[in-house]
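Asker: sequence first, predicted model second:
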Amino acid sequence: MQKPIRFLAMLVIGLCLSGCSSVSTYTIKVNGYTDPGAPGLIKPGGSFCVMENPEAKNPLLEKEISGIINKLLETRGYFITAFEKADYCLFFAYGMGEPRSVSPTTPDYYGTIGWGGGYGWGGWGGWGGPAVAVGIPWGGYADRATLFDRWLLIKVVEGPAYRTDKTSPPVWVGEARSLGASSDLRLVLNYLLVANFKEFGRNTGKAVTVTIEADNPEVSTLTR
């Protein structure tokens, strides 16, 4: 009788260990937009100039993100060139909202350590809006959970028109957003960028869910 009990106990422990060692994931919502009246698609093999914000609070982080975007463009067959020659200019913005403390009432926020999703979408100039998310960390229920709203926006405009008028209607706009436990924006931005580029140039029609594992090889390559 003791042998079957020991076997069952070892089986349960093994299942628990395998569950706890599962890879953490980032759940990201991505929205891609094109102008319905003039869907100017980004031509394959086009050239880009990534525009950094000279007033960025952290110019080194700005340069780091710009470099990652350059890599993502090149891996998708586009070329990086000078502002004066670029077919397209790419602008980007990013940020993190104030931490939100929520009560974990149901176990649908995250099942692996540290990540999950839940979104409240805002407009072009005002990210935010209502968000609903709850969480249960490993080890049982907590009284409160602190979540951070991390976002990234990419806008692509035609280079010649922008050089002439310093303004140009967007060819494509991509939004990526994630709500989760990590407040390390520098780290999370890598996943937001990869998720956004999975829909690069496309009109998604609605927010689509992109799930990226923490050990995603494309992210690892970009950050080397």
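Answerer: Structure's in. What do you need?

Asker: can you give me the helices for this structure?
Answerer: 2-20, 59-75, 159-165, 185-197, 217-222 (DSSP state H).

Asker: please state the offset of the shortest one from the chain centre?
Answerer: Counting by Cα atoms, centre = their mean, to the nearest Å, helix 217-222 is centred 14 Å from the centre of its parent chain.

Asker: counting by contacts, list what it packs against.
Answerer: helix 59-75, helix 185-197 (3 or more Cβ pairs under 8 Å, 6 or more residues apart in numbering; DSSP states H and E). Every C-beta, even on glycine, is put in place using the N, C-alpha and C of the backbone.

Asker: repeat for the third one
Answerer: Applying 3+ Cβ pairs under 8 Å, 6+ apart, one finds that helix 159-165 makes contact with strand 88-96.

Asker: who touches the strand it packs on?
Answerer: 42, 46-51, 53, 65-66, 69, 73, 83, 127, 148-159, 162, 168, 171, 183, 185, 189, 192 (Cβ atoms under 8 Å, 6 or more residues apart in numbering).

Asker: try 7 Å
Answerer: 42, 46, 48-51, 65, 69, 148-159, 162, 171, 185, 189 (Cβ atoms under 7 Å, 6 or more residues apart in numbering).

Asker: what do you get for stretch 199-214?
Answerer: With Cβ under 7 Å, 6+ apart, stretch 199-214 has contacts from 23-34, 41-42, 76, 172, 174, 191, 194-195, 198.

Asker: try it again with 8 Å
Answerer: 23-34, 39, 41-42, 72, 76, 115, 117, 119, 121, 156, 172, 174, 176, 191, 194-195, 198, 219.

Asker: returning to what we had before: pick out the shakiest of the helices of the chain, pLDDT-wise.
Answerer: Confidence, taken as mean pLDDT, is least for helix 2-20 of the helices of the chain (a mean of 44).

Asker: how much space between the spatially most central residue of the chain and residue 69?
Answerer: The centroid of the chain falls nearest to residue 192 when counting by Cα atoms, centre = their mean (1.7 Å). Using Cβ to Cβ, to the nearest Å, one gets 11 Å for the distance from residue 192 to residue 69.
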